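A.B. asks: Everything below, folded, please.
(chains A and B)
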Amino acid sequence: MSGERFPIRPVLLIAENFRGLAKEHSLDLDRELTVLVGRNGAGKSSLLVAMEWCLFGAEATRKSDSGIAERGDWSLAYDGAAGDVRVTLELAVEGGLARLTRCRTAGGKARQEDDLLLELSDEEVLRGKEVQDWLAWNQLPDWKAWKRSFCQHQELSRARVTEAADRSTAIAGMLGLDEYRKVSDDLKKLKVKRLEQRATEELASLQGDQLRALERPGLELRDLENQLERHGVAVAQAGEAELERRTAALITSAQGLAGRLGIDDSGLPDADGPAAELQKWAQRWPTEVRRMLDVLSRERGELAGRVQSLGASFEALEPARRAEADSRNVRDRLATELGSVDGLRGQRAVLAEKRTGLEAERQRRDALGSLLRDAVAVVKDAQAPDRCPVCDQDRSDLERAIQAKLDERAPDSLEGEFADLDARDAKLQEQITKLEEAGAACETNQRKVRALEEQVRGQLPVGASESASIDELQRGWQEDVRRLGLQCEAGEAHITQHRGDAEVVAILAKLRDARARARVAAGELTETPEFQELQGVIDAAAGFASDLEALGSLARQLEDERSDERIASVNESIDSYFSMIVGASQRGRVRVQPKKTATKVSYQLVDERARVITGLMNQAAFNALSLAALFASAESRARQGLPQFLVLDDPGQNLDDAHQAGLASALATCAGFAPVLVATIPGALAEALSKADAKDVRTFSLTRTDDGTGTLVREA
Amino acid sequence: MNAYEDLEAKVRARGVRVEERLAILAKLQRFDGGEQLAEALDQHERSIEEAAAKVRKVIR
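C.D. replies: All right, here's what the predicted structure looks like:
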């Protein structure tokens, strides 16, 4: 922002299909003063606006952005043009030329982003945002600055002297005070009063809290003291020492239990550690102990089950062994008495053979008896009833003899032998059954004993032999069960005790804090480190606010001082241009008057009696003043080495011939500082400009083509 | 001499809390002023609120 800069200026304008300009038209601008003369509709304004569109795009052509109502209906493209709309502005820059080109493709919409290209002399090409950054870096104006200090539009010809903000900014620019205004504005926007307000609110809020807190401590303290008394702690006893003692005891007790139960005690807090940490541990500790007790309890239950199971198995073993021995004795005794089962079965086989023999005898006797009965029947049926038809013996003798034989050989005579055999066989079978049952009972008891022995062996610890004393083993286990039971009981008792003790410790800690708060509430708040910190923060904020205010004040003061230093030359400049336009008799009428308030500096244009000059002027003077301010601004910027050129569209409106002649002189003078492009209709101004005392002037004549579809640009 | 250099010279001439003001000026120059200072202002406001919250905790 500092240092000498090359004064960038336009040297060539090329417009194609832009508004009233069909096809391509170029305009050489490499003169101090370039004059376009043409009748209405010849295309003068189109050429001037083409330059604006090239520099600012839609901002210059949309109603909302441009601030010019009539531009809302604008169509950029020449009516009937088939090609792209393209405008190139060639700028003379340090070391060469830069070609700025803006292009809107045929049929492109107003809201569509234009193609923006900047070709630099070192063949570097920038596009889009890069181009805008380059323009800003080289201090080419933005649209607002352009409207204020670079151009004169018919629509906005007087805003720079009538609009307060525009006027003050324009005059500040003339005075070279833009930066001071920006610094001042930045500081003003910060609203440092907000810090003071916030600090005041917070302090008031804290005061309210303190007042409310003053009412609380008594009740809170009494409540805590009552709680302690319910735990058997006297109020007089409840102090820091008691809290420390109980805290230490709480931890010592926990350490003792941890040692007993085998819990890792590395997580136990320090008695001197932070109170919050201790509180968390005290709440968590019963849960940790409970978890361990659950493990021990399960272990105890399992061990007790094993003792019981082993006892039951062992108790069942002896009766089974006794029963097995008894059954074995019975089996052996029967074997001694009765012999073996096989022997008895042999005896039964002998009896069976005998029975078979008897069965054969009985069958033989049955056959003989049948024969004899047949014989008797034959005898009885004989023709000679008294004689045997075979042997002719006396029939009665024969019958008796046959009956005797039948009686002698009757089967019933064998029944006794059969009965004897069956009785003997049944006895043998009974003996066999006894022997078999005794054997089976013995085997069953043996299996039972083996199963119980197996069961006992399975319950013994690995490596222990059955020969070891089961009683001794059981006694060991029972001792473990008892030990685990004691540990569980101790743990349960510890949990109960811990909860009570921890509650007392927590109440003692609360009581300590409550007593501290009571002391704070009673008036020691400002002595606390927290309040001291707040005070420090507020002091720092106040210092910051004070710095900002001081800087803002300095910026305004500097603007004021510099304004005083430079205002004379600006007054001279405006007055000079104004009097050039309206006549020497008006010399000394216009001056800038700073208006200073606590927060800003604004500028007004007044007359020699310090009256607001715009309220006293006719239309011509109004236009003249606006143009004079524009020329003075351009001269000032040029003197500061800033890029500056002027573009004026028919500036002679409302001016009579004399004033237009004066305007021509003013333009020629201003062109000596910054290039000027002016468009006007043929007439007094054009004529005056052709005679003006400008060193470097070129005039172009603009006319419509014969077919009325284009513009002819010719150097006059 | 631009506005910042001018202000800097003025601050030095005043000689009161020069370093702090120069730091603010440096921010103004480097960051185009507004946003950085607004952030610093917000930070001071937050610091006041945080410090007040600590005091409130003591009271309660």
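A.B. asks: A:P269 belongs to a strand?
C.D. replies: No. The assignment for A:P269, made by DSSP: H, G, I helix; E, B strand; the rest coil, is coil rather than a strand.
A.B. asks: Was I right to think it contacts A:W281?
C.D. replies: Yes. Applying C-beta atoms under 8 Å, one finds A:P269 in contact with A:W281, separated by 4.7 Å. Any C-beta I mention is one placed from the backbone N, CA and C, and that applies to glycine too.
A.B. asks: Overlap in contacts, those two.
C.D. replies: Common contacts of A:P269 and A:W281 (C-beta atoms under 8 Å, 6 or more residues apart in numbering or on different chains): none found.
A.B. asks: Following element in sequence after the helix or strand encompassing A:D332, please.
C.D. replies: Using DSSP states H and E, A:D332 maps to helix A:275-338. Per DSSP H and E, the first helix or strand lying C-terminal to helix A:275-338 is helix A:341-380.
A.B. asks: What angle do helix A:275-338 and that next one make with each other?
C.D. replies: Interaxial angle of helix A:341-380 relative to helix A:275-338 (axes from the mean of the first three to the mean of the last three C-alpha atoms, to 10 degrees): 50 degrees.
A.B. asks: now helix A:341-380: how far from the chain's centre is it?
C.D. replies: Put simply, helix A:341-380 sits 113 Å off its chain's centre (C-alpha atoms, centre = their mean, to the nearest Å).
A.B. asks: And stretch A:30-38, by the same measure?
C.D. replies: Computed by C-alpha atoms, centre = their mean, the separation of stretch A:30-38 from the middle of its chain amounts to 64 Å.
A.B. asks: mind showing which ranges of the stretch 251-400 of chain A have poor pLDDT?
C.D. replies: Applying pLDDT under 70 to the stretch 251-400 of chain A picks out residues A:382, A:384-385, A:387-389.
A.B. asks: Repeat the analysis, applying 90 as the threshold.
C.D. replies: Within the stretch 251-400 of chain A, the ranges that satisfy pLDDT under 90 run A:255, A:257-284, A:288, A:291-292, A:306-318, A:338, A:358, A:361-400.
A.B. asks: and what of the stretch 51-200 of chain A?
C.D. replies: A:51-53, A:55-86, A:92-97, A:104-116, A:120-200.
A.B. asks: Point me to the residue of it nearest chain B.
C.D. replies: In the stretch 51-200 of chain A, the residue that lies nearest chain B is A:E179 (3.3 Å; C-beta to the nearest C-beta).
A.B. asks: secondary structure class for that residue?
C.D. replies: Using three-state DSSP, the structure places A:E179 in helix.
A.B. asks: Please enumerate the strands of chain A.
C.D. replies: Using DSSP state E, the strands assigned to chain A run over residues A:9-18, A:21-28, A:33-38, A:85-93, A:96-104, A:115-120, A:125-127, A:151-152, A:591-596, A:601-606, A:646-649, A:676-680, A:697-704, A:711-715.
A.B. asks: Which helix or strand in chain B has the lowest average pLDDT?
C.D. replies: In chain B, no helix or strand scores lower on mean pLDDT, DSSP states H and E than helix B:18-30, which sits at a mean of 64.
A.B. asks: any idea how far the residue sitting nearest the centre point of chain A is from chain B?
C.D. replies: Taking C-alpha atoms, centre = their mean as the criterion, A:K280 is the residue nearest the geometric centre of chain A, at 29.1 Å. Counting by C-beta to the nearest C-beta, to the nearest Å, the gap from A:K280 to chain B is 18 Å.
A.B. asks: quick one: A:Q619 and chain B, what's the gap?
C.D. replies: Separation of A:Q619 from chain B (C-beta to the nearest C-beta) stands at 38 Å.
A.B. asks: isn't that residue right up against A:N654?
C.D. replies: Yes. A:Q619 is within contact range of A:N654, at 4.8 Å (criterion: C-beta under 8 Å).
A.B. asks: neighbour-wise, which of those two wins?
C.D. replies: Neighbour totals were compared for A:Q619 and A:N654, and A:N654 leads with 14 against 11 (other C-beta atoms under 10 Å in any protein chain shown).
A.B. asks: picking up where we left off before, and the residue of the stretch 51-200 of chain A closest to chain B, how many neighbours does it have?
C.D. replies: 20.
A.B. asks: Repeat that for the one 5 residues further on.
C.D. replies: Neighbour count of A:S184, defined by other C-beta under 10 Å: 24.
A.B. asks: before we move on, what about A:F418?
C.D. replies: A:F418: 15 neighbours (other C-beta under 10 Å).
A.B. asks: From A:R424, how far out is the nearest residue to it once chain neighbours are set aside?
C.D. replies: Leaving aside its sequence neighbours, A:F418 sits nearest to A:L358 (C-beta to C-beta, 6 or more residues apart in numbering or on different chains; 6.0 Å). To A:R424, A:L358 is 13 Å away according to C-beta to C-beta, to the nearest Å.
A.B. asks: Deepest-packed of the strands of chain A, please.
C.D. replies: strand A:676-680 (a mean of 26; mean count of other C-beta atoms under 10 Å in any protein chain shown).
A.B. asks: quick one: A:A236 from A:R245, how far?
C.D. replies: For A:A236 relative to A:R245 (C-beta to C-beta), the value is 15 Å.
A.B. asks: In terms of neighbours, single out the busier of the two.
C.D. replies: Taking other C-beta under 10 Å, A:A236 and A:R245 do not tie; A:R245 has more neighbours (15 against 7).
A.B. asks: and that one, what pLDDT?
C.D. replies: A:R245 is assigned a pLDDT of 91 by the prediction.
A.B. asks: thinking again about what came up before, following the chain onward from the least confident helix or strand of chain B, which element is next?
C.D. replies: Helices and strands here follow DSSP H and E; after helix B:18-30, the next one along the chain is helix B:34-59.
A.B. asks: For that next one, name the packing helices and strands.
C.D. replies: If contacts are counted by 3 or more C-beta pairs under 8 Å, 6 or more residues apart in numbering or on different chains; DSSP states H and E, helix B:34-59 sits against helix A:178-189, helix A:193-215, helix A:529-582, helix B:18-30.
A.B. asks: Take the ones you listed and lay them out in a markdown table including distance to A:R704.
C.D. replies: Shown next, in a markdown table, are the helices and strands packed on helix B:34-59 (distance: least, C-beta to C-beta, whole Å):
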| stretch | distance to A:R704 |
| --- | --- |
| helix A:178-189 | 42 |
| helix A:193-215 | 62 |
| helix A:529-582 | 31 |
| helix B:18-30 | 54 |
